[in-house]
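Trainee: predicted coordinates and the sequence they were generated for:
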Amino acid sequence: KLLPGRTDNAIKNPGEESLKRQKTMATVEDRLQAAGIEIPKASAPAGNYVPFVVNGDTVYVSGQLPVSKGEVQFKGKLGSDFTVEQGQEAARLCGINIISQIREACGGDLEQVEQILKLGGFVNSNPDFVDQPKVINGCSDLMVLAFGDKGRHARAAVGVPSLPLGVAVEVDAIVKIRARPAAL
């Protein structure tokens, strides 16, 4: 049902209206700030690997865990310890950490992102849990909120019997950025 004086379908599909508003905001950082999301400083790796690799115009972000202010969050399994909605919050936190690593890879400038190409979502879940895609939507929705159409991506969402540190969710990413000029 449309409100009096409205001829568009914004009320029928508030997601599209929200996306239109996001596109009009100046920067990725502006959209995140408007949503009340603060991107932390990129964290160091917890093992013998790097948090991201830049190869030409592609950034490969290592799996990010639901960590906030240095503390691991959401330890447990979907289907027994957490609801889908709590899993989405865990995935969103992984997404915040992915954006932090992307920002680091881009020298602090998220406007260098041309496209979120792919997310790989891993959900620590019971064998009978089947809503892994709904859980990883927490991260996917954040990418679209932050990057607009550039945040739309291919994705995998799989259930696993265990994840590092016992967390409920881990997400990695592949991102296209503006090619950097070759060094002289």
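Mentor: Yep, that arrived.
Trainee: contacts for stretch 151-159?
Mentor: 78, 115-125, 127, 129-130, 132-133, 135-136, 140, 142-145 (C-beta atoms under 8 Å, 6 or more residues apart in numbering). All C-beta spots, glycine's among them, are computed from the backbone N, C-alpha and C.
Trainee: against residue 149, how distant is the spatially closest residue to residue 65 that is not a sequence neighbour?
Mentor: In this structure, residue 65 finds its nearest non-sequential neighbour in residue 167, 5.0 Å apart by C-beta to C-beta, 6 or more residues apart in numbering. Plainly put, residue 167 is 30 Å away from residue 149 if you go by C-beta to C-beta, to the nearest Å.
Trainee: rewinding a little: give me the neighbour count for the residue nearest to residue 65.
Mentor: 23 (other C-beta atoms under 10 Å).
Trainee: related to what we said a few turns ago, type out the PyMOL command that picks the buried ones from the contacts of stretch 151-159.
Mentor: Remark: buried members of those, expressed as a PyMOL selection using 16 or more other C-beta atoms under 10 Å:
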select buried, resi 78+115+116+117+119+120+121+122+123+124+125+129+132+135+136+140+142+143+144+145
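Trainee: nearest residue to residue 44 other than its sequence neighbours?
Mentor: residue 51 (7.2 Å).
Trainee: for the one you found, phi and psi?
Mentor: phi -70, psi -20 (degrees, to the nearest 10).
Trainee: which pLDDT value goes with it?
Mentor: Looking at residue 51, its pLDDT stands at 97.
Trainee: ok, now which ones touch it?
Mentor: Contacts for residue 51 (C-beta under 8 Å, 6+ apart) come out as 42, 43, 44, 45, 61, 62, 101, 104.
Trainee: show me which of the residues you listed are buried.
Mentor: Neighbour counting with 16+ other C-beta under 10 Å marks 42, 61, 62, 101, 104 as buried within these.
Trainee: if we can go back for a sec, closest one of the contacts of residue 51 to residue 162?
Mentor: residue 62 (17.8 Å; C-beta to C-beta).
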